[in-house]
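Student: my questions are about this predicted structure, shown below with the sequence.
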Amino acid sequence: MVQNVAGMLAELEPEDFHLLSGIEQGMRFSEWVAREKIPEFSRLTPENVAYRLDRCLARDLVQRKTIQYEGYQLKFEGYDALALHTFAERESVEGFGAPLGVGKESDVYEVQSYKPLALKYHREGFTNFREVMKERDYTSDREHVSWLYTARKAAEREYGALEALYPDVSVPRPIDHNRHAIVMEKIDGVELSRTRLEDEQVVPVLDLILSEMATAYDEGFVHADMSEYNVFVSSEGITIFDWPQATPTDHENAAEFLERDVRNVARYFHRKYPRLVGDVDAAALAADIADGAFETVREYVLED
């Protein structure tokens, strides 16, 4: 688990951030940044680099390797510190709160601003780098790809989708973005996977989710990773979150991704509420969502 760097931010000096930013720049060209290159990237003297490296190593913001040559690499904590420092300078974030969710591909915290918000750090490529390389098309045209790059691209893609979809689609309102991190509206509600709906709510909630997916398609996006784990349900309705795999509708695989999303959601409802939701013709339902003809899931339930 990546440690929370918010508490140490006040201890860091401007030159520490110059060092971290310099190593970040160097990682664009190689996985490990040679010690002798860091003064050039950070615009610090060699003596200052030595002092800053000791400070950042002691705080677990960077790591060192000495095989073949002495090289340095940002840890996720160092990357978090750079993003959080930028948000603080922009006044997007004024205080740091408790964790809201920790997963293998992201960590989410409550933060304070003009109201409580959510800060999401993307972690793609940190523990499952090879899987991300295979699955995410934004890594396919790069010879040198680091976890830093994959996490940043995931955040860029998610923030871009949120900006395009909000407020027409029920997604978190995007507030700010830097590197691999996004500041967004804090979502109220309960994850669909942990919600037990009343009988009379089941089909309306499923219809609501499918309708939001249809509106997202009209706006040019397929979620491409829909499941019961990225929908929040509240008394106000539903909110769909986690959009780093969002795919434009003109992508060659968009129809396939849309059908997979529909199948995932419909199967979940069929599995949890079999008496109320039958087996659904996902292909026909996805086609009608794409054509703007969807009205209710009841029209796509297959006969036993």
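Tutor: Looks like it arrived, so ask away. Numbers count the residues shown, from 1 in each chain.
Student: ok, Leu20 to Tyr69 distance?
Tutor: For Leu20, the distance to Tyr69 (CB to CB, to the nearest Å) stands at 20 Å. Backbone N, C-alpha and C define where each C-beta goes, glycine included.
Student: between the two, who's got more neighbours?
Tutor: Per other CB atoms under 10 Å, whichever of Leu20 and Tyr69 has more neighbours is Leu20, with 24 against 10.
Student: on the three-state scheme, the more buried one is what?
Tutor: helix (DSSP: H, G, I helix; E, B strand; the rest coil).
Student: contact partners for it?
Tutor: Listed by CB atoms under 8 Å, 6 or more residues apart in numbering, the contact partners of Leu20 are Cys56, Leu61, Val62, Leu74, Gly78, Ala81, Leu82.
Student: which one is the third one nearest to, not counting chain neighbours?
Tutor: Of all residues not flanking Val62 in the chain, Cys56 sits nearest, at 4.7 Å (CB to CB, 6 or more residues apart in numbering).
Student: same question for the second one.
Tutor: For Leu61, the nearest residue in space outside its immediate sequence neighbours is Gly78; the separation is 3.7 Å by CB to CB, 6+ apart.
Student: using CSV, write out the CA atom coordinates for the helix or strand where that neighbour lies.
Tutor: In this structure, Gly78 is located in helix 76-90 according to DSSP states H and E. Extracted C-alpha coordinates of helix 76-90, given in CSV (Å, rounded to 0.1, in the frame of the first residue of the first chain):
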residue,chain,number,x,y,z
PHE,A,76,4.4,6.7,-6.0
GLU,A,77,4.7,8.7,-2.8
GLY,A,78,7.0,11.1,-4.7
TYR,A,79,4.6,11.4,-7.6
ASP,A,80,1.7,11.9,-5.1
ALA,A,81,3.7,14.7,-3.4
LEU,A,82,4.2,16.5,-6.7
ALA,A,83,0.5,16.3,-7.6
LEU,A,84,-0.7,17.3,-4.2
HIS,A,85,1.8,20.2,-4.1
THR,A,86,0.4,21.5,-7.4
PHE,A,87,-3.2,21.2,-6.1
ALA,A,88,-2.3,23.1,-3.0
GLU,A,89,-0.7,25.9,-5.0
ARG,A,90,-3.8,26.2,-7.2
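Student: now the element after it, going C-ward?
Tutor: strand 95-102.
Student: the helix or strand just after that next one pairs with which strands, parallel or anti?
Tutor: Heading C-terminal from strand 95-102, the first helix or strand you meet, by DSSP H and E, is strand 106-112. In the sheet, strand 106-112 lines up against strand 95-102 (antiparallel), strand 116-122 (antiparallel) (DSSP bridges).
Student: so how far is the last one off the chain centroid?
Tutor: In terms of CA atoms, centre = their mean, to the nearest Å, the gap separating the centre of strand 116-122 from the centre of its chain is 10 Å.
Student: list the buried ones in that strand?
Tutor: By neighbour count on 16 or more other CB atoms under 10 Å, the buried set for strand 116-122 is Leu117, Ala118, Leu119, Lys120, Tyr121, His122.
Student: JSON lines for the contacts of Leu20, including distance to Pro248 and pLDDT?
Tutor: As requested, the contacts of Leu20 are arranged in JSON lines below (distance: CB to CB, whole Å; pLDDT from 0 to 100):
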{"residue": "Cys56", "distance to Pro248": "39", "pLDDT": "98"}
{"residue": "Leu61", "distance to Pro248": "36", "pLDDT": "98"}
{"residue": "Val62", "distance to Pro248": "37", "pLDDT": "98"}
{"residue": "Leu74", "distance to Pro248": "31", "pLDDT": "96"}
{"residue": "Gly78", "distance to Pro248": "33", "pLDDT": "98"}
{"residue": "Ala81", "distance to Pro248": "33", "pLDDT": "98"}
{"residue": "Leu82", "distance to Pro248": "29", "pLDDT": "98"}
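Student: and the buried ones among those, selectable in ChimeraX?
Tutor: Here is the ChimeraX command that picks out the buried ones among the contacts of Leu20, judged by 16+ other CB under 10 Å:
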select :56,61,62,74,78,81,82
